[in-house]
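Trainee: I need the structure of the sequence given here:
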Amino acid sequence: MPLQTEDQLFELALRHHQAGQLQQAGELYRQILQSNPDQPDALNLLGTVYHQTGNNDWATEYIGRAIDIAPDNPYFLDNLGTVYQALTRLDDAAICYRKVIALDPSFAGAHFNLGNVLLGQGRPDNAVACFQNALALRPDYVDAYICLGNAYKNLAKLDEAVECYQKALSYNSNYAEVHFNLGIVFHEQGKLDMATVSYHNALSLKPNYAEAHYNLGIVFQERDDLDDAVECYHQAIALKPDYIEAYFNLGGTFQEQGKLDEAVECLHKALSLRPDYADAYAGLASIYADLGEFGAAQVAIARALEIQPESPIALAVFPSLQRMSAGNAGWLSIALNITSQTGSPLSVQDATGMQFAIGKYFDDTGQYDLAFAAYRQGNMLKRQREGELDHAGFTQMVDALIAAYSREGASKSQQGASLSERPILIVGMPRSGTSLIEQIIASHPDAIGAGELFFWDTQARANWEAVISGHYAPGMLAGIADAYEQLLQQHSPVALRIIDKMPHNFIRLGLIGAAFPQAKIIHAQRNPVDTCLSIYFQNLGRYHSYGTDLDDLAFYYREYTRIMRHWRTVFPPERFLEVPYEALVDDQETWSKRMIEFVGLKWDERCLDFHKTERKVGTSSNWQVKQKIYSTSKARWRNYEKHLAPLLGLLNLDEPSP
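Mentor: Numbering: from 1, shown residues only. You can find the predicted model right below:
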């Protein structure tokens, strides 16, 4: 076989290189260099082969030699910049790309690569100009649209980021990572439905995309679709067994579901993978508080802050475990410092939690104007992310429920309904005393508190047309009742009474009454301004969008009063008891006996010592219900009266005393 010329070897090497046959290409480039050691193209391309096979030190050597021979070759400089990026020598990479641009301003790839270097250096504002330059030169440069979107995302210019990602997808819709990033931006904008679609699009293209399963779980968790969230986190962990954040969020979801033992197990798993995971210790502190193990909670939160003194999650949990005092001034100093930092701002979610925590500090220490300012800021942040209450929609729903359920209809037995007397439903506004009522009744040896069950919310969503009309298909109520009885059985196979204290079940009493016509309903009532103020001061979930604005709270409370006034006429007195919080606080024994008699149990003195009852609470009232009844929460609103003009009209609502 005749000897091949240098040009023939080079052509053959390029064919192998372009086909991805890097070993063969490298051997041919070396063969060329044996006879011509200063052949710059062979030096450059052999360096490229070394880079592509992960040997970046040799890549630097060979491409550098090519540049020594041809210092003004922009392609050699661009390749060396790429190698420096791989070696995280970003300053050196930037120098290379700037030289390329000086030599050839029309080199779109160099503008793009410089933009990526600037992103890696934490300079997204400078990167934006580079990506825009690349797109001006190549309007169909898909990767530049993607990276420009990333830069805008880092700058919190979310609308611009969405536009860039959508432009990239208009050229090629098969980028799973772009759908994923688009989901992140929609998520940060509070557009959860659109985020859900984007994450599903990413997963349709890349089913094993663990991060997309994880982020989708976060969306479901924020929407209170907790079963779906759990499934997503399990999927993420199955794909990535060391996914620490997924274990952390799975633990938080179990906590919301009241599955506290499972929650603890998840956080311990996260800590086994990362023993210095401060957020996991903070999560454990919160769960221990729900379990009533306040000593363990204090140990856990102390460990979290020891590991990471500026952890926003740990700092936000800390005030929930105790009454704050001037002795916690060090905590306040750190909290105020991290909420005022620029350059590396907190996420909206973390910033919100910090503002509520700061508000509690000032409230506990009697600095009411400062407290209200912090709570207002926290609620403004929540509102930006979660949106506003749909007044018209909520009124229409209340109108429909009032029209669909009458006293005559409630007195008729529905096909498939259960005659069980086990369920006790405690309803009302959040922060109205539902946890206290549950704790008193659950202190009876024949009763158990199941906490806030999401069962009726799930059933109402699944069967909304039937719920809103009051017309149930054959077999529907039987299936719902059977599922609920199985759920109660899981909480206790022997208790005569099981308490479900989800406050917002006041909206679903038509469905509940149809499925369980013998169930007892207790309506917790409290001073309306104290109730609304307490809601405003709690960082509640997305389901409570009405709680972020005083005008929305006043409107929502009026509609709640209207539907409760209707239920009062629908349910007979032997099934419906109203318990005023203030009266319960003033005369604990009388009202405790009345509640126990109402639910059909014999009186037991342990109900007076409810604070000694060891049980899982799982709400923001976990500390209060472990104390003796106190009256400091009565008329608390007077400390904030000058801030509460939208709520003060609620004091004149016509609410008949029980």
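Trainee: output the lowest mean pLDDT helix or strand found in the chain.
Mentor: The weakest-scoring helix or strand in the chain, judged by mean pLDDT, DSSP states H and E, is helix 407-411 (a mean of 75).
Trainee: show me the domain layout of the chain.
Mentor: 1-71, 97-172, 174-253+265-270, 276-386, 391-652 (automatic domain parsing).
Trainee: who wins for proximity to Leu87 among those?
Mentor: Across the domains of the chain, Leu87 has its closest neighbour in domain 1-71 (5.2 Å, C-beta to C-beta). In this view, the C-beta of every residue, glycine as well, is placed from N, C-alpha and C.
Trainee: looking at that closest one now, give me its mean pLDDT.
Mentor: For domain 1-71, mean pLDDT is 88.
Trainee: give the rounded mean pLDDT of the host helix or strand of Gln486.
Mentor: According to DSSP states H and E, Gln486 maps onto helix 476-491. Averaged across helix 476-491, pLDDT comes to 95.
Trainee: just stretch 124-141 next, same as before
Mentor: So the average pLDDT for stretch 124-141 ends up being 95.
Trainee: hmm, who's touching it?
Mentor: Contacts with stretch 124-141, where a contact means C-beta atoms under 8 Å, 6 or more residues apart in numbering, come from 106, 108-109, 111-112, 114-116, 118-119, 144-145, 147-148, 150-152, 154-155, 171.
Trainee: sorry, back to before: pull the distance from the helix holding Gln486 to the chain's centre.
Mentor: Once both centres are worked out by C-alpha atoms, centre = their mean, to the nearest Å, helix 476-491 turns out to sit 29 Å from its chain's centre.
Trainee: can you point out the buried residues in it?
Mentor: Neighbour counts over helix 476-491 (16 or more other C-beta atoms under 10 Å) mark Met476, Leu477, Ala478, Ile480, Ala481, Tyr484, Glu485, Leu488, His491 as buried.
Trainee: run through who's touching that helix.
Mentor: 414-418, 420, 422-423, 448, 450, 453, 455, 459, 463, 466, 498, 511, 514-516.
Trainee: the strands in the protein, which residues?
Mentor: Here the chain has its strands, by DSSP state E, at 423-428, 447-449, 497-500, 520-525, 576-580.
Trainee: for the third one, give the mean pLDDT please.
Mentor: Pointing back at strand 497-500 there. For strand 497-500, mean pLDDT rounds to 97.
Trainee: can you count the residues close to Gly475?
Mentor: Counted with other C-beta atoms under 10 Å, residues neighbouring Gly475 total 10.
Trainee: so it sits against Gln414, correct?
Mentor: No - proximity of Gly475 to Gln414 does not meet the contact threshold set by C-beta atoms under 8 Å, at 11.4 Å.
Trainee: now the angle from the top helix by length along the chain to strand 520-525?
Mentor: Criterion DSSP state H: the longest helix present in the chain is helix 550-570. If you take axes from the mean of the first three to the mean of the last three C-alpha atoms, to 10 degrees, helix 550-570 sits at 140 degrees to strand 520-525.
Trainee: pull the CA atoms of helix 550-570 into CSV?
Mentor: What follows is helix 550-570, C-alpha atoms only, in CSV (Å, rounded to 0.1, in the frame of the first residue of the first chain):
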residue,chain,number,x,y,z
LEU,A,550,-56.8,42.0,55.4
ASP,A,551,-59.6,42.9,52.9
ASP,A,552,-59.6,39.4,51.6
LEU,A,553,-59.7,38.1,55.1
ALA,A,554,-62.7,40.3,55.9
PHE,A,555,-64.5,39.1,52.8
TYR,A,556,-63.7,35.5,53.4
TYR,A,557,-64.8,35.6,57.0
ARG,A,558,-68.2,37.1,55.9
GLU,A,559,-68.7,34.3,53.4
TYR,A,560,-67.7,31.7,56.0
THR,A,561,-70.2,33.2,58.4
ARG,A,562,-72.9,33.0,55.7
ILE,A,563,-72.3,29.3,55.0
MET,A,564,-72.1,28.5,58.7
ARG,A,565,-75.3,30.3,59.3
HIS,A,566,-76.8,28.0,56.7
TRP,A,567,-75.4,24.8,58.1
ARG,A,568,-76.8,25.8,61.5
THR,A,569,-80.3,25.6,59.9
VAL,A,570,-79.5,22.3,58.1
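Trainee: related to what we said a few turns ago, any chance of the domains of the chain in TSV, plus distance to Asp78?
Mentor: Below are the domains of the chain laid out as TSV (distance: least, C-beta to C-beta, whole Å):
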stretch	distance to Asp78
domain 1-71	10
domain 97-172	5
domain 174-253+265-270	24
domain 276-386	31
domain 391-652	47
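Trainee: ok, which of these comes nearest Arg89?
Mentor: When those are compared (using C-beta to C-beta), the closest one is domain 1-71, at 9.0 Å.
Trainee: how far does that closest one sit from the chain's center?
Mentor: Domain 1-71 sits 51 Å away from the centroid of its parent chain (C-alpha atoms, centre = their mean).
Trainee: one more: stretch 447-462?
Mentor: 21 Å.
Trainee: check stretch 208-228 too.
Mentor: Computed by C-alpha atoms, centre = their mean, the chain-centroid distance of stretch 208-228 equals 9 Å.
Trainee: average pLDDT across that stretch?
Mentor: Taken as a whole, stretch 208-228 carries a mean pLDDT of 94.
Trainee: Gly649: which of the strands of the chain is closest?
Mentor: strand 520-525 (17.5 Å).
Trainee: identify the residues contacting that closest one?
Mentor: Applying C-beta under 8 Å, 6+ apart, the contact partners of strand 520-525 are 421, 423-429, 432-434, 437, 503, 506, 509, 512-513, 564, 567-568, 571, 575-581, 595, 598-600, 655, 658.
Trainee: repeat for stretch 536-554
Mentor: With C-beta under 8 Å, 6+ apart, stretch 536-554 has contacts from 192, 222-224, 256, 352-353, 356, 359-360, 363, 375, 378-380, 382-383, 386-389, 391, 394, 430-431, 504, 532, 535, 555-556, 620, 644-647, 649-650.
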